[in-house]
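Peer 1: Got a predicted structure here, sequence first:
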Amino acid sequence: MASTRVFGVFTLFSLLFGSSLAAQQQFPAIVYEVKEAVVKIEIHLLNTQDRDGVSDQLRLCFRESDYCVIGTGVRLNDDGDVLTAAHVARDTTAASQSLRDLGIDSEVMIAGEARNAEYVKGEAGGTGGALRASIKKIDPEHDVALLEPESNGLKQGISAIDSGSRVRRRALQTVEISVQRPDVAEALFAFGFPMYSPTLITTPGSIVLAIGSKNLIEARKSGDTELVPVYRAKLESSPGNSGGPLFRTSDGALLGIESEIGDERDIVATVIPATEIAKFLSANAIKWNAAPPRRENAAKANHKKAKP
């Protein structure tokens, strides 16, 4: 597994989002709504001329830009808090330290997805689409972490320069978390960014195991030995970005985030369940929104209550 990781980051990709009309038609309308809550987690160089001086391990990532996409996250609330995998959060720290050892200044940034646009980099206290971020809370045992913007710019929406050179602003999109365990074979879709790429990727899949446990790689690295609850999902995943959100296809509720993938012969991903994420957020007094109960579950509950 270690040989397939780049800073421990994993990716979700098999279908380029929006690459063709046919591709778009494979997904329900809810996909286009929740994708606005998906963000990139990046390392930005403060001086673009430093790009030529980065380490061999990071050179490919910075080959064409002054920023490197390290992982994927999803926005939880109007404070701009971003959920991601703990190993993604730690990888940003490792990348920053690696650059600092070379005398290169950098910063961790979070940026929303903007179609046909260039991001307006947020200045100190600014409201740009890419804002400086830091680790707010982290739980390596469950491989979850929370990043927070270092200004309140995300509350005001994402700014971007569109093809007509006009600055536009849109409302902040957040997600709703499902506290219900999914059904086996339940359809889902996942988001992420390809290795070293700013392009958003959408992948369809399904739950194959809704009751399971595992001692995660990130936990073992931290010395934790406890088994923690996980889901298994059938996804065509490959090394690259991790922390990407998985949503229920029927209503767009967050089911979890991707933590680990199998080898080339195993397309079953390990998912941190939304129920565990909700516990993590509540224990740290982080605002989050619960998804309404699934219609079929609500109907079953009402049917039981109606019985004499």
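Peer 2: Right, received. Where do you want to start?
Peer 1: Tell me which stretches of the protein form helices.
Peer 2: Per DSSP state H, the chain carries helices over the ranges 21-24, 29-34, 56-59, 86-101, 217-221, 274-283, 295-306.
Peer 1: Residue 69: which of those is closest?
Peer 2: Between residue 69 and those, the shortest gap by Cβ to Cβ is with helix 86-101, which sits at 10.5 Å. Every C-beta, even on glycine, is put in place using the N, C-alpha and C of the backbone.
Peer 1: chain center to that closest one: distance?
Peer 2: Centroid displacement of helix 86-101 relative to its chain, using Cα atoms, centre = their mean, to the nearest Å, is 17 Å.
Peer 1: picking up where we left off before, lowest average pLDDT across the helices of the chain?
Peer 2: Set side by side, the helices of the chain give their lowest mean pLDDT on helix 21-24, at a mean of 38.
Peer 1: Now do the spatially most central residue of the chain, the pLDDT please.
Peer 2: What sits nearest the mean C-alpha location of the chain, by Cα atoms, centre = their mean, is residue 73, with 2.5 Å. pLDDT, residue 73: 93.
Peer 1: wait, it sits on residue 37?
Peer 2: No - between residue 73 and residue 37 there is no contact under Cβ atoms under 8 Å: 9.3 Å.
Peer 1: can you list the helices of the chain in CSV and add mean neighbour count and distance to residue 235?
Peer 2: As requested, these are exported to CSV (neighbours: other Cβ atoms under 10 Å; distance: least, Cβ to Cβ, whole Å):
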stretch, mean neighbour count, distance to residue 235
helix 21-24, 10, 17
helix 29-34, 15, 15
helix 56-59, 13, 26
helix 86-101, 20, 17
helix 217-221, 18, 17
helix 274-283, 19, 16
helix 295-306, 10, 23
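Peer 1: Indicate which one of the ones you listed is closest to residue 191.
Peer 2: For residue 191, the closest of the helices of the chain is helix 29-34, at 8.2 Å, according to Cβ to Cβ.
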